[in-house]
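Asker: coordinates for the following, if possible.
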Amino acid sequence: MMMSSGPAIVYEWLKTLQLTQYVEAFVDNGYDDLEVCKQIGEPDLDAIGVFPPHHRLKVLRAVQRLREEDKKLAPGLYFTLEPLPDVSRGYDSKAIGSHWDREGLELSNNNNLLLGGPPDPVSYPKLKLKILIRDKLIKDGIDLSKPPYSFKVCT
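Answerer: Numbering: from 1, shown residues only. This is a model prediction of the structure:
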């Protein structure tokens, strides 16, 4: 199903569920986009006016499918830190990862992306991850020492 926005896509979605009688109620209650519809739960169905149990079940199952489809299309990215090297072994520059370049950060060599599966978790050395986060914060103009990210505690 192609994700698009607007009441027309909600109409098409409800049409596939054979529940077009609820289109106006969905739109009137602000459910005029599939992104918003993904958040529908039992209380929302009450507000919309979907009362027959079999209709509620159809909508809730369809919402679950939308969420699952969304996860398949945009899986989350996970970062893990590599375990710290055992200090008792002595210094080993290869274990610390003293030399690295930005090309190693690309996921272009991840075959799971080509096969449609979720990408494998990527493991970064602690220093590399700190630098990536710092660079991203600077690029996005985010200063974690200023509001809304931090505030003074008054006692």
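
Asker: by mean pLDDT, point me to the weakest helix or strand of this structure.
Answerer: Scoring the helices and strands of the chain by mean pLDDT, DSSP states H and E places helix 93-96 at the bottom, with a mean of 46.

Asker: list the buried residues of the longest helix anywhere in the chain.
Answerer: Longest helix in the chain by number of residues (criterion: DSSP state H): helix 53-73. Within helix 53-73, the residues scored as buried using 16 or more other Cβ atoms under 10 Å are 55-56, 58-60, 62-63, 66. All C-beta atoms are positioned from the backbone trio N, CA, C, and that covers glycine.

Asker: most widely separated two among the residues you listed?
Answerer: Greatest spacing in these, by Cβ to Cβ: H55 and L66 (16.6 Å).

Asker: I9 contacts E35, correct?
Answerer: No: the pair I9 and E35 fails to qualify as a contact (Cβ atoms under 8 Å) at a distance of 9.9 Å.

Asker: who has more neighbours, the two?
Answerer: Between I9 and E35, I9 has the larger neighbour count (other Cβ atoms under 10 Å), namely 18 against 13.

Asker: which residue ranges form the strands in the chain?
Answerer: Using DSSP state E, the strands assigned to the chain run over residues 79-81, 122-124.

Asker: just checking: what are the partner strands of the last one?
Answerer: Going back to what we said before, that points to strand 122-124. Paired neighbours of strand 122-124 in the sheet (DSSP bridges): strand 79-81 (parallel).

Asker: okay, now the unreliable bits of this protein?
Answerer: The model of the chain has pLDDT under 70 over residues 1-5, 73-120, 153-155.

Asker: would you map out the domains in it?
Answerer: Taking automatic domain parsing as the criterion, the chain consists of the domains 7-73, 79-139.

Asker: against D70, how distant is the nearest residue to R67 once chain neighbours are set aside?
Answerer: Leaving aside its sequence neighbours, R67 sits nearest to K38 (Cβ to Cβ, 6 or more residues apart in numbering; 5.5 Å). In this view, K38 and D70 are 7 Å apart by Cβ to Cβ, to the nearest Å.
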